[in-house]
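Trainee: need a 3D model of the sequence below.
(one chain, ligands or ions: 1)
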Amino acid sequence: MKEQPVGFLDSGLGGLSVVKEVKKLLPRENIEYFADNQRQPYGEKNQSELIKFTFQIISFLLKKKIKICVIACNTATAASLKKAREYFSIPIIGVIQPAVQDAIKKTLNKKIGIIATEFTTKNGAYPKEIKKVAPEIKVFSNFCPKFVSIVEAGKFTAPETYEIAREYLKPLKEAQIDTLILGCTHYSFLKKVISEIMGSEIILIDPAVSTSLILKKILSQKGISGEEEKGEENYYTTGSPEKVERIAKIILNNDFFKIQKVQLEELN
Ligand code: DGL
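Mentor: Numbering: from 1, shown residues only. Next up, the predicted model:
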């Protein structure tokens, strides 16, 4: 089982933030990554659509013999983690709980901000999770609909990105939070802009970091950590491979990055 891959899924490039951390922390793991670019953005979908997409992708990844699945997408985690855990027999990790644990440890003034997609924000997954552990903490949320397409277009530090981010982050600055959760895996790639606007004293919580640490712990507890000399990686997209490759090469700093096209019909 040790040589079986770890599966990752997201609506697009966002989950690569988790893969990037996992590659640093667990270089001996084989990776199977699924980006559902054709049906993006997930943040504008409803719960039943998101459950359907997540189930289809996990089933696809199971054919690649994954030993564990990381839902490297906050929106899909909020919508479907519980149901996916009930339905599938492999271990499944989401990105919300790891980020919450981290944020609660870091906040001093007990004011945590969350930026996420519209679905994650309205679904309230983050505040619910925080209140369960630390009901005294005040939570402030805002959704940032344009951030996903900005990242997919590779406009990580473009002037318009700063302009849009200033608008989205204004209410969180006013709330005087000391800790901000980047509650969408795409936002990890906007850290520079977000940190400059929020100020360097604000702690940014990246679920990619928190989740990769949890993944390491679970693999070792179960005795299924990979032992490859160097892990192999396979990437799939329902969108345009050329478009995804262009930006993924920059994100992963890998000129040889290749992604295979999967037709939506193959997921049925
Ligand atoms: N990256 C995803 C997340 O963490 C979803 C982005 C989207 O497609 O809206 O929520």
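
Trainee: can you pull the pLDDT of Lys230?
Mentor: The model reports Lys230 with a pLDDT of 84.

Trainee: which residues are in contact with it?
Mentor: By C-beta atoms under 8 Å, 6 or more residues apart in numbering, the contact set of Lys230 is Pro27, Arg28. In short, each C-beta sits where N, CA and C put it, glycine included.

Trainee: go with 10 Å
Mentor: Lys230 sits next to Pro27, Arg28, Asn30 when contact means C-beta atoms under 10 Å, 6 or more residues apart in numbering.

Trainee: return the distance of the second one relative to Phe256.
Mentor: Distance, Arg28 to Phe256, using C-beta to C-beta, to the nearest Å: 20 Å.

Trainee: what is the burial count for Ser48?
Mentor: Ser48 is flanked by 10 other residues according to other C-beta atoms under 10 Å.

Trainee: enumerate the residues of the stretch 101-250 of the chain near the ligand.
Mentor: Contact residues, the stretch 101-250 of the chain versus the ligand (C-beta under 6 Å from any ligand atom): Thr117, Thr120, Val148, Cys184, Thr185, His186.

Trainee: look up the residues forming beta bridges with the closest residue to Ala103 other than its chain neighbours.
Mentor: Leaving aside its sequence neighbours, Ala103 sits nearest to Ile205 (C-beta to C-beta, 6 or more residues apart in numbering; 4.6 Å). Ile205 forms beta bridges with Ile181, as assigned by DSSP bridges.

Trainee: can you give me the neighbour number for Ile205?
Mentor: 25.

Trainee: for Ser210, what are its contacts?
Mentor: 18, 21, 95-103, 105, 181.

Trainee: revised request: answer the last question for Asn74.
Mentor: Neighbours of Asn74 in contact, by C-beta under 10 Å, 6+ apart: 10, 14, 42-43, 94-96, 99, 114, 116-117, 119-121, 123, 125-126, 181-187, 207.

Trainee: kindly recompute the last result at 6 Å.
Mentor: Going by C-beta atoms under 6 Å, 6 or more residues apart in numbering, Asn74 touches Val95, Ala116, Thr120, Gly183, Cys184.

Trainee: of all those, which comes closest to Ala153?
Mentor: Ala153 has its nearest neighbour among the contacts of Asn74 in Cys184, at 15.5 Å by C-beta to C-beta.

Trainee: which residues touch the closest one?
Mentor: Applying C-beta under 6 Å, 6+ apart to Cys184 gives the contacts Asn74, Ala116, Thr117.

Trainee: now do the same contact list for the last one.
Mentor: Contacts for Thr117 (C-beta under 6 Å, 6+ apart) come out as Gly43, Thr75, Cys184.

Trainee: could the contacts of Asn74 go into CSV alongside pLDDT?
Mentor: Below are the contacts of Asn74 laid out as CSV (pLDDT from 0 to 100):
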residue, pLDDT
Val95, 98
Ala116, 98
Thr120, 98
Gly183, 98
Cys184, 98
